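Participant: Whatever this is, show me its structure:
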Amino acid sequence: MNFDDIKDELLSVTDTGLKYAKSPDSTSEFEFFVYFQNKITVEIDQGVVSAIDGAVAGTAVRAAKGKQVGFAVVSGVSADRVKLAAKEALSIIQSVKVEDDRFQGFADPKGSGKEGAYSDDILALGTDDLIENCEMVIKEARAVNPRAKVVSSEAKSSWGGYAVGNTRGILEATRGCSNQIMASVYAIEGEERRGSYDFDLARDRLFDPVGVGKTAAENAVDLLGAKKLDMTAKMPTIWTPMPACLYIMSSLAQSAVGRPVVDGVSPLCDRIGDTIASTDLSIVDDGQIPSGLGTQSVDAEGLPQKRNPIIEKGVLKNFLFDSYFGRAFDLESTGNCARGGGAFGGETPYENRPSAATKWLEVEAGKKSEEDIISSIDGKAILIRDFPLGIFHSMVATGEFSCVAGSAYLVENGELKGSVQPVSIAGNYYEGFKNLREIGSNKEMIPFGASVSTLVFDDFSVVG
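Facilitator: Numbers count the residues shown, from 1 in each chain. Predicted coordinates:
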């Protein structure tokens, strides 16, 4: 397949499946999800080059009769494979008499939205190009400081699409592409070993390798010689864009979607119209922003993706649904069906049943730079970078969380004093949104599903 023709080819295979589905059982409904993604991944780790260049392709079919639903997947996207998956899905509902009381049929046609941006430069990337860029990043990192001893780099490019069709009349396809580069650096001095990383990613341009290795190395070296915080207190915590993204994805992205809302597990499920956060906070799930990595013309059940405000100036505005959970909540889909979605997604989305998930969260930026935020701190605060360990180990129902920040710095009376040994940060996500103190102007696209700036929260417990 090639990028220009991929939609037509996927639609053709999907249409073949729909026509075939009428013959084995005309009383059943069918839904087809046909997926193709071409991927190149290159990694250089301690001089060893690993490269994978190939395609992930597969078909998922759901068959339904009344409230019985069968689900089957096969690898490949040929007409024969699509027919095989349809047979398997039908055989499941014929042999396993289990009903889903919430199921009200597959999605009805609603048209389509717009595809996201794409770049011909990304489509032209090859394995040698990615290797060259990884080598450049590693060379840049090693030049920073001799203590930056363990350096690896990874680069990825991908393009592809999917088609969705069902016996209610949906027949839609979409496509997209992306590329990213990452550097991971460990700085070593004596028995001390500290790590950091940096990255760049986009779907509308080539990634920029310049500065990625340098930033990762500088941050890793800065962590050497970290001092013990040696205190336990409630204090402001400054979450730079990466941990800020993970804070949003592990809290709001889990509690304002689909199942937790319908099951009544989320504490937000009866709060539409209430002020649940600082009035400075506005968050939109934008499945139509051209540069968003989650932007497609249709979601994973063939409905148009949309721009859905979740929080506006602190007020909870919307939940995010696919058609299954939307109908269960007496609402329509918001165009948020995904297969293997969420912060980490999956390599083979067609193997996952449809569910509701965020597409791309846009957190409205504030007006202060990170430097101005730091200088405004009166007393002590902790600034964190990189991935806080355990950030996703939390309960949607309560919002309680505890994580360990390995890349942490002490801020005191407006000055960044230096790195501290790993600290534990604990609190409640929902209280954190209320106690949001600052939003930075340094908005960044983070590969885990959001564009976000530095966030400052008051009154989390810090133990070091």
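Participant: for the stretch 201-350 of the chain, which spans come out with low pLDDT?
Facilitator: In the predicted model of the stretch 201-350 of the chain, residues 341-345 satisfy pLDDT under 70.
Participant: Just the element for F36, please.
Facilitator: With the criterion set as DSSP states H and E, the secondary-structure element containing F36 is strand 29-45.
Participant: Off-centre distance for the helix or strand that that strand is followed by?
Facilitator: Taking DSSP H and E as the definition, the helix or strand that follows strand 29-45 towards the C-terminus is strand 48-65. Using CA atoms, centre = their mean, to the nearest Å, the distance from the centre of strand 48-65 to the centre of the chain it belongs to is 18 Å.
Participant: Which strands or helices does strand 48-65 pack on?
Facilitator: For strand 48-65, the elements it packs on are helix 6-21, strand 29-45, strand 68-75, helix 79-95, helix 127-142, judged by 3 or more CB pairs under 8 Å, 6 or more residues apart in numbering; DSSP states H and E. Where you see a C-beta, it was placed from the backbone N, CA and C, and this is true even at glycine.
Participant: 6 Å instead, please
Facilitator: If you count contacts as 3 or more CB pairs under 6 Å, 6 or more residues apart in numbering; DSSP states H and E, strand 48-65 packs onto strand 29-45, strand 68-75, helix 79-95.
Participant: neighbours around Q305, how many?
Facilitator: Other residues near Q305 come to 30 when the count uses other CB atoms under 10 Å.
Participant: My read is that it contacts G113, right?
Facilitator: Yes - when contacts are counted by CB atoms under 6 Å, Q305 is listed as touching G113 (4.9 Å).
Participant: Overlap in contacts, the two.
Facilitator: With contacts taken as CB atoms under 6 Å, 6 or more residues apart in numbering, Q305 and G113 have Q288 as neighbours in common.
Participant: okay, now M235: neighbour count?
Facilitator: As a burial measure, M235 scores 19 neighbours (other CB under 10 Å).
Participant: Kindly report the same for G111.
Facilitator: Taking other CB under 10 Å as the neighbour definition, G111 ends up with a count of 11.
Participant: List the contacts of it.
Facilitator: Taking CB under 6 Å, 6+ apart, we find G111 in contact with P304.
Participant: Apply 10 Å and report the result again.
Facilitator: Residues in contact with G111 (CB atoms under 10 Å, 6 or more residues apart in numbering) are 170, 172, 297-298, 302-304.
Participant: now stretch 278-289: how far from the chain's centre is it?
Facilitator: From the chain centre to the centre of stretch 278-289 is a distance of 15 Å (CA atoms, centre = their mean).
Participant: Chain neighbours aside, what residue packs nearest to E347?
Facilitator: Closest residue in space to E347, ignoring its immediate chain neighbours: V56 at 6.2 Å, by CB to CB, 6 or more residues apart in numbering.
Participant: That neighbour - how many residues pack around it?
Facilitator: Residues within reach of V56, counting by other CB under 10 Å, total 17.
Participant: Same check on the one 4 residues further on?
Facilitator: The burial count assigned to A60 is 26, neighbours taken as other CB under 10 Å.
Participant: so what's it bridging to?
Facilitator: Judged by DSSP bridges, the bridge partners of A60 are F33, V73.
Participant: who does R194 bridge with?
Facilitator: In this structure, R194 bridges to A187 when assessed by DSSP bridges.
Participant: Also D53?
Facilitator: I40.
Participant: shouldn't it be in contact with K39?
Facilitator: Yes - using CB atoms under 10 Å, D53 and K39 qualify as a contacting pair, with a distance of 7.7 Å.
Participant: Between those two, which is the more surrounded one?
Facilitator: Set D53 next to K39 and count neighbours by other CB under 10 Å: K39 wins out with 16 against 13.
Participant: how close does that one get to S461?
Facilitator: 42 Å (CB to CB, to the nearest Å).
Participant: now do E431
Facilitator: 11 Å.
Participant: ranges for the helices of the stretch 151-300 of the chain?
Facilitator: Assigned by DSSP state H, counting those that start in this stretch, the stretch 151-300 of the chain shows helices spanning 212-222, 241-250, 252-255, 258-262.
Participant: So which of those is nearest V74?
Facilitator: Across the helices of the stretch 151-300 of the chain, the minimum distance to V74, taken as CB to CB, is reached by helix 258-262, at 26.2 Å.
Participant: ok, residues contacting the closest one?
Facilitator: Where contact means CB under 10 Å, 6+ apart, the residues beyond helix 258-262 that reach it are 102, 254-255, 265-270, 272, 319-322, 324-329, 331, 334, 336-338, 354-357, 396-397.
Participant: Any of these buried? List them.
Facilitator: Neighbour counting over these (16 or more other CB atoms under 10 Å) leaves 254-255, 265-269, 319-322, 324-328, 334, 336-338, 354-357, 396 as the buried ones.
Participant: Please narrow those residues to those residing in helices.
Facilitator: 254-255, 324-328 (DSSP state H).
Participant: Export only the CA atoms of stretch 256-273, formatted as PDB.
Facilitator: Output in PDB follows, covering the C-alpha atoms of stretch 256-273 (Å, rounded to 0.1, in the frame of the first residue of the first chain):
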ATOM      1  CA  ALA A 256     -14.200  11.800  32.400                       C
ATOM      2  CA  VAL A 257     -14.600   9.000  29.800                       C
ATOM      3  CA  GLY A 258     -16.900   6.100  29.100                       C
ATOM      4  CA  ARG A 259     -17.000   3.300  31.600                       C
ATOM      5  CA  PRO A 260     -16.100   5.100  34.900                       C
ATOM      6  CA  VAL A 261     -18.900   7.700  34.200                       C
ATOM      7  CA  VAL A 262     -21.500   5.200  33.200                       C
ATOM      8  CA  ASP A 263     -20.700   2.900  36.100                       C
ATOM      9  CA  GLY A 264     -20.900   5.700  38.500                       C
ATOM     10  CA  VAL A 265     -17.300   5.100  39.600                       C
ATOM     11  CA  SER A 266     -16.000   8.500  38.700                       C
ATOM     12  CA  PRO A 267     -16.600  11.200  41.300                       C
ATOM     13  CA  LEU A 268     -17.300  13.500  38.300                       C
ATOM     14  CA  CYS A 269     -20.300  11.600  37.000                       C
ATOM     15  CA  ASP A 270     -22.900  14.000  38.400                       C
ATOM     16  CA  ARG A 271     -20.800  17.200  38.300                       C
ATOM     17  CA  ILE A 272     -21.500  18.700  34.800                       C
ATOM     18  CA  GLY A 273     -21.800  22.400  35.200                       C
END
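Participant: Could you give me the buried positions within stretch 455-464?
Facilitator: Along stretch 455-464, the positions that meet the burial threshold by neighbour count (16+ other CB under 10 Å) are 455-458, 460, 462, 464.
Participant: tell me the contacts of A450?
Facilitator: Shown in contact with A450 (CB under 10 Å, 6+ apart): 241, 244-249, 252-253, 283, 285, 292-294, 343, 358, 360-363, 443-444.
Participant: can I see the domain layout of the chain?
Facilitator: The record, using automatic domain parsing to delimit domains, assigns the chain the ranges 6-222, 232-463.
Participant: And the pLDDT at the closest residue to K65 other than its chain neighbours?
Facilitator: Of all residues not flanking K65 in the chain, S28 sits nearest, at 4.7 Å (CB to CB, 6+ apart). On the pLDDT scale, S28 is placed at 94.
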